[in-house]
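J.: Here is my input; please provide its structure:
(chains A, B, C and D)
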Protein chains: 2
Amino acid sequence: MEIQPGQLVSEKEIASVLNSSKTPVREALIRLEDVGLVAVVPKSGTYVTPIRIDSYIEGCFIRLQLEIGAVRRAASRRGIESCHQQLDSILEQQAIAWNAEDYVRFATLDEQLHEAFFTAAGLDGVWHFHQKTQADVNRVRHLKRINGIRRGLQVLEAHNAIVSAIKAGDVQASEEALVAHIGSLESEIERLAQNPGLLAFIENQDSSMTRKLPSRRSSWSTRTQQT
Amino acid sequence: MEIQPGQLVSEKEIASVLNSSKTPVREALIRLEDVGLVAVVPKSGTYVTPIRIDSYIEGCFIRLQLEIGAVRRAASRRGIESCHQQLDSILEQQAIAWNAEDYVRFATLDEQLHEAFFTAAGLDGVWHFHQKTQADVNRVRHLKRINGIRRGLQVLEAHNAIVSAIKAGDVQASEEALVAHIGSLESEIERLAQNPGLLAFIENQDSSMTRKLPSRRSSWSTRTQQT
DNA sequence: AACCTCAAACTAACATACTAGTTGCGCATT
DNA sequence: AATGCGCAACTAGTATGTTAGTTTGAGGTT
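T.: Residues are numbered from 1 along each chain as shown, chains lettered A, B, ... in the order given. Predicted structure coming up:
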């Protein structure tokens, strides 16, 4: 979030800053492109993408569907008391972080809790793929945080409800608590997109403030070609 | 599937076959590593991965959860008659392909149908991420097909049920039909793993037939380091 | 003043050369 | 014969040079 959307991210410049060559930088940029944080325009440049509302919505959808499945499995599994302890521990620390107004730590623990849902479900690998789809969701979350849009108490309460349902083995309740927690994120975005703190990062198609993402008027397929 | 698990996939060799340099080959291999089809072992080699049962299960989970959400949305959306037509068209062609015993085309249309669910749900981008998680699921499907494990009639019937529910706008029925279709894939794998046609491709930890995936006994973090 | 033209100065894409771990095999030691 | 050592031949990783589209802007034309 420190580089504005539309801004050029130069291979050469980064390489010189890191005292390395362009090659590893280039490979890192390919990975960033894969998760949608930058757009590589052939022979032109690599640019930071704006947050796309479509991508945000899709990220929310993926998150909701996968976490629904995760908490349901976590609730129906037996013999995972160590995971239950882990969940409790995170909950506790998160409450402390909130009271201490340490919002960065609060966010970190939030991530950890949701990851722990997948661990409890025995689906650790799913979390990693899940995260790759969350670039824009996470960018919005970051913007909300630094713009003072924080609802820690509701979050804590919702987390409590989810964890309680998991520990109680109540599959249906775990889903309901999760949906209550993150089911409305998706619809929030329209309102949020109006917030002046977020506006500059979100793709808007009106003519004002035209992004200088080059327009690709020539002959390249999605990716590379023979010599 | 033409290269056996454990086999070396050499950058240099591929580059010479393609009359190109190692660089673009290397970038392609990085992408294959991202979806889990190869494992890059630093300074040793890039090897085709065996199908991992964990990865298969996680892929099935992701597929089920995302498609549940997709068909539910597709069923609850209005004004997507063109999508309905598209679904019908694919169904029809798939029946033809089955009768013609054109199993490759049958599989292609299967993919297209499931992609069309996401299109009908207005979540096109989700499909692409979804596919990145399906490497091992797709490898198993391919192996099933070439080993004569084909259940076209059941598949066609299930597809019909799903599409009917979507067109009728019956959210609950669409989910149930989808779960009936792909909900049991996950549990199949244990039995399938015994099949001699699949055995050679699936990771098995017993000592016989030790994969020669090098054992990584030295000092590399997950990926790269400074000079 | 608005509009082309064209060339210089960018960029990513690609090719090639080099570095530095890894691995297996032959040979010496036991 | 079995075992340990060390060197040679791999490999991916990195650095750097080259190629070929893209973009910008200066200068000329209308």
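J.: just checking, A:R77 touches A:A120?
T.: Yes - because the distance of 7.0 Å satisfies C-beta atoms under 8 Å, A:R77 is recorded as touching A:A120. C-beta: built from backbone N, CA, C; applies to glycine.
J.: okay, the two: which has more neighbours?
T.: A:A120 (24 against 14; other C-beta atoms under 10 Å in any protein chain shown).
J.: How about the contacts made by the more buried one?
T.: By C-beta atoms under 8 Å, 6 or more residues apart in numbering or on different chains, the residues touching A:A120 are A:A70, A:R73, A:A74, A:R77, A:I80, A:C83, A:H84, A:Q86, A:L87, A:I166.
J.: My understanding was that A:A173 contacts A:A165; is that so?
T.: Yes - here A:A173 reaches A:A165: they are 3.9 Å apart, a contact under C-beta under 8 Å.
J.: Now for these two: what residues contact both?
T.: Contact criterion C-beta under 8 Å, 6+ apart; residues shared by A:A173 and A:A165: A:A75.
J.: Which one's more surrounded, those two?
T.: Shown here are A:A173 and A:A165; by other C-beta under 10 Å, A:A165 has more neighbours (22 against 17).
J.: would you list every one of the helices in chain A?
T.: With DSSP state H as the criterion, chain A has helices at A:11-17, A:22-35, A:53-76, A:81-99, A:103-121, A:124-132, A:135-146, A:152-168, A:171-182, A:185-192, A:196-199.
J.: out of those helices, nearest to DNA strand D?
T.: Taking C-beta to the nearest atom of the strand as the criterion, helix A:22-35 is the member of those that comes nearest to DNA strand D, at 3.9 Å.
J.: Which neighbouring elements make contact with that closest one?
T.: Under the contact criterion of 3 or more C-beta pairs under 8 Å, 6 or more residues apart in numbering or on different chains; DSSP states H and E, helix A:22-35 touches helix A:11-17, strand A:38-41, helix B:22-35.
J.: Comparing those, which comes out most buried?
T.: Neighbour counts (mean count of other C-beta atoms under 10 Å in any protein chain shown) averaged over each of these peak at strand A:38-41, with a mean of 18.
J.: Can you pick out the most distant pair from the contacts of A:A120?
T.: Pairwise distances across the contacts of A:A120 peak at 15.7 Å for A:R73 and A:Q86 (criterion: C-beta to C-beta).
J.: beta partners of the residue nearest to A:L8 when sequence neighbours are not counted?
T.: Spatial nearest neighbour of A:L8, chain neighbours left out: A:G45 (4.9 Å); criterion: C-beta to C-beta, 6 or more residues apart in numbering or on different chains. Taking DSSP bridges as the rule, A:G45 bridges to A:V41.
J.: Does A:G45 touch A:Q7 like I think?
T.: No - the criterion here is C-beta under 8 Å, and A:G45 misses it with A:Q7 at 9.7 Å.
J.: Tell me the spacing between A:L123 and DNA strand C.
T.: According to C-beta to the nearest atom of the strand, to the nearest Å, A:L123 stands 30 Å off from DNA strand C.
J.: Which residues are in contact with that residue?
T.: Counting by C-beta under 8 Å, 6+ apart, A:L123 touches A:A70, A:R73, B:I57, B:E58, B:F61.
J.: For it, report the pLDDT, please.
T.: Note on A:L123: pLDDT of 98.
J.: that older thread, how much space is there between the residue nearest to A:L8 and B:S174?
T.: For A:G45, the distance to B:S174 equals 44 Å [C-beta to C-beta, to the nearest Å].
J.: Compare neighbour counts for these two and give me the winner.
T.: It is B:S174, of A:G45 and B:S174, that has more neighbours when counted by other C-beta under 10 Å, with 28 against 17.
J.: who's in contact with that one?
T.: For B:S174, the contacting residues are B:V71, B:R72, B:A74, B:A75, B:I162, B:A165, B:I166, by C-beta under 8 Å, 6+ apart.
J.: need those in CSV with pLDDT and distance to chain A, can you?
T.: Conversion of those to CSV gives the following (pLDDT from 0 to 100; distance: C-beta to the nearest C-beta, whole Å):
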residue, pLDDT, distance to chain A
B:V71, 98, 11
B:R72, 98, 9
B:A74, 98, 12
B:A75, 98, 15
B:I162, 98, 17
B:A165, 98, 18
B:I166, 98, 17
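J.: how far away is the closest residue to A:I14 other than its chain neighbours from DNA strand C?
T.: Spatially, and ignoring its direct neighbours in sequence, A:I14 is nearest to A:V25 (4.8 Å; C-beta to C-beta, 6+ apart). With distances taken as C-beta to the nearest atom of the strand, A:V25 is found 9 Å from DNA strand C.
J.: Surely A:V25 and A:V17 touch.
T.: No - if you go by C-beta under 8 Å, A:V25 and A:V17 don't touch, sitting 9.3 Å apart.
J.: I'd say A:V137 and A:R63 touch.
T.: Yes - counting by C-beta under 8 Å, A:R63 is a contact partner of A:V137 at 6.5 Å.
J.: Can you pull the residues of chain A lying near chain B?
T.: Residues of chain A that fall close to chain B, judged by C-beta under 8 Å from any C-beta of the partner chain: A:20, A:23-24, A:27, A:30-31, A:34, A:54-55, A:57-58, A:61-62, A:64-66, A:68-69, A:123, A:125-126, A:129, A:132-133, A:224, A:226-227.
J.: contacts with DNA strand D among these, please.
T.: Subset of those in contact with DNA strand D: A:S20, A:T23, A:P24, A:E27, counting by C-beta under 7 Å from any atom of the strand.
J.: residues making contact with stretch A:133-145?
T.: Residues outside stretch A:133-145 that contact it (C-beta under 8 Å, 6+ apart) are A:1, A:35-37, A:51-52, A:55-56, A:58-60, A:62-63, A:103, A:107, A:150, A:185, A:189, A:192, A:197-198, A:201, B:129.
J.: No more questions from me, cheers.
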